[in-house]
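1. next input, structure requested:
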Amino acid sequence: MGAIILPNAFTAEANDNKDTIDALYTSPQLLQNAHGAVPAAFDAWLALRGAKPLELRMKEQGRSAIKLAPFLFAHPRVNEVIYPGLAEHPGHNNAAKILASHARKFVDEWVLADEAKEGNEWRGEGDFPFDGMISFRIGWAGELADDGAAERFLTRTRLFTLAESLGELPEKMTHGSIPLVGRLALGITPDLVRLSVSVEDVDDLTADVEQALSWAVDGWNSASASIASSDSE
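-> As a prediction, the model looks like this:
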């Protein structure tokens, strides 16, 4: 492609404490020296410290995500789940093919342990852990939720917090500056939520999603009706 600078974000995933903003560049030393855009020694130390448990965190995030994604897929208040690790995802087979060797080894071990299989190696069929990022659309029976449902969901979660480009409402955050027509062409609709699954207990994460969904769709309507009734009296 002719690129001579290959940036890798070092803030979100690599640094578990998120206490420094960095990017790792594969580039000539001359450019670093000329631009001066290099982190201070303390920032570099923070990033390296946070990167040490990266392997453990990524595995745990994958384990939790592959349990949370099917829960969302079966939820009556969710219209679509976007997670390549699900067998139902259109890009599932491609996702399985691009796994690095160490990732495939982890997936093989996970499938054998989780499903108590013996003998044959996993060949890309069925669900498997694929990172901790999950997107989903709030709705029911194919009908769209009202425009405020996704935002209400994100204001109600307790373990999941708003984090720009990680756990967020794409329509109003990362893609808010794109015109409506462009957002819709990209599938960025008001009902779309993006979750970054971390290392908390997956049962706690699932319960958090459940209560927030219930509030965003059903509880909010009940509360609004109650307020309207009180006002009329």
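2. could you use CA atoms for every contact and neighbour count after this?
-> OK.
3. for the protein, give the strand that spans the most residues.
-> strand 133-140 (DSSP state E).
4. parallel or antiparallel, list what pairs with that one.
-> According to DSSP bridges, strand 133-140 forms sheet pairs with strand 78-82 (antiparallel), strand 143-144 (antiparallel), strand 192-196 (antiparallel).
5. give me the distance from the helix or strand following the second one to the chain's centre.
-> Sequence-wise, the next helix or strand beyond strand 143-144 is helix 149-156, with elements assigned using DSSP states H and E. In terms of C-alpha atoms, centre = their mean, to the nearest Å, the centre of helix 149-156 is found 16 Å from the chain centre.
6. state the mean pLDDT of helix 149-156.
-> Per-region confidence: helix 149-156 scores 91 on mean pLDDT.
7. report the backbone C-alpha coordinates of the helix or strand following it in CSV.
-> Remark: after helix 149-156, the chain's next helix or strand is helix 180-185, criterion DSSP H and E. Extracted in CSV, the C-alpha atoms of helix 180-185 (Å, rounded to 0.1, in the frame of the first residue of the first chain):
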residue,chain,number,x,y,z
LEU,A,180,-27.7,10.9,8.5
VAL,A,181,-27.7,9.4,5.0
GLY,A,182,-24.1,8.3,5.5
ARG,A,183,-24.7,6.8,8.9
LEU,A,184,-27.7,4.8,7.7
ALA,A,185,-25.6,3.5,4.7
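8. list the buried ones in helix 180-185?
-> For helix 180-185, a neighbour-count test (16 or more other C-alpha atoms under 10 Å) marks residue 183 as buried.
9. quick revisit: quick one, which of the strands paired with strand 133-140 is nearest to residue 163?
-> Proximity to residue 163, assessed across the strands paired with strand 133-140 by C-alpha to C-alpha, is greatest for strand 192-196 (8.7 Å).
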